[in-house]
Structure formats: structure tokens, C-alpha cells
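In: I would like the atomic coordinates for the input below:
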Amino acid sequence: MVSSEGWIAWVVSWAYTPYGGVALFLNAVAESSFFPLPPDVVLIALSMLRPPLAFVYAAVCSAGSVLGGVVGFFLGLKGGRPLLRRLMSEERIGFVERYYQKYDIWAVGIAGFTPIPYKAFTISAGVFDLDLKRFVLISVVSRSARFFLVGLVIFLFGETAKTYLTKYIDTFSIAFVALLILGFLAVRYVVKRMAVKE
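Out: Now for the predicted structure:
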């Protein structure tokens, strides 16, 4: 049986072939619907090899991830809750369901930008019959934000960025989402205060 390190090495090795862009796209599609390895590792490898193309690779990764998310959505729509039970425990299903109850479609956005397994939310979005248009829109925003942030850091800082991205991408993602939520709450508070004054 191949170890997780072996899988990562095999996936990243495609970045050093003429098919690196295709491998990145396919990895992004697969990760959003059934594959366990995030495409960030291939995105980082490709962007480090060709920093001027970092944003192009981020766009390829984003497009693949959103397409994979739609595939996951329809898998969930057709397979229903029994499919979820084959992919994750009842405990995790309950966790995802509570996220939807609390954040609605924003749960997809949070999962799309953070280390939370994205496929759990794409498939469950179909199971719980979320609005497809809103699902696609929030997926485009959240996945693009994640991958373009990686591209931007590599474009600006090159080799220096590699260590920090590889080690701390999850921390950066969580911090960004925390700031995003705080900003949203601040705006909502200000809007409510203005409405009361009127």
C-alpha cells in the first residue's frame, strides 16, 4: 500500500513534466470530489519552477477545483446520504450539517479557503440540496482566493516563500477566514447601528 508521502511525491513529480498544468487541473478536479490530496502542493511546485506563471497556475487550479466541486455536488445530489456514509463517519456528517445550519452557503466558502476537506462540503451540498448557482459562486470566490494567495506570495517572494507556504498554508488560511468573519461582523454591526439611528 502506498503511503501518503508516496502519494504526495508521485503527484508533485508531475510538476516537473511537460504535463504539469494538466496534472494540476486534474488534481484540483479530483480533490474537490473524491481525491484526498490538495492541489496546493502541485501549485506550489509549478509556481516555484516558473514564478511569472504563478497566477496562470492559480487560475488553472481554481477552475479545476470549482469544476470538481460541481462534480461533487451532483454526486451528492444523486447519491444522497448513503453516499456520505460511505465517505465519512456519522460524526463528520453531523459536523458538516451543523456548519450548514449555522452558516448556510458560507460553510462552503469557509471550507473552500481553509484546510477543512473541501470534498466533504461539495458532496454534502448536493445531499442537502443547496442552491447550485450560489454554490458555484461561493466556490469560485473561496477557491480563487486560496490559490491566488499562494500564487501572489510566490510571485512576490519566489524561493523564500516556498518554506513558509509549505509549512504554514493552513495557518494563513485560518487566519484569513477569521479576519474575513470579523470584518463581516463589523460591517453588519455598523449597518445595524446606522439603521437604528435612522
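In: check contacts around the most centrally placed residue in the chain.
Out: Centroid-nearest residue in the chain: residue 112, 3.3 Å away (criterion: C-alpha atoms, centre = their mean). By C-beta atoms under 8 Å, 6 or more residues apart in numbering, residue 112 lies in contact with 65, 69, 118, 121, 138, 139, 141, 142, 143, 145, 146. Heads up, the C-betas are built off the backbone N, CA and C, glycines and all.
In: Residue 24 too?
Out: For residue 24, the contact set (C-beta under 8 Å, 6+ apart) comprises 14, 15, 39, 42, 43, 46, 57, 60, 61, 64.
In: Widest-spaced pair of those residues?
Out: Maximum pairwise distance in the contacts of residue 24, criterion C-beta to C-beta, is 14.3 Å, between 15 and 64.
In: At which residues are the strands of this protein located?
Out: Here the chain has no strands by DSSP state E.
In: can you give me the helices in it?
Out: Assigned by DSSP state H, the chain shows helices spanning 4-13, 20-31, 40-49, 54-87, 90-103, 106-113, 118-127, 132-157, 159-197.
In: Tell me how far residue 129 lies from residue 105.
Out: Distance, residue 129 to residue 105, using C-beta to C-beta, to the nearest Å: 12 Å.
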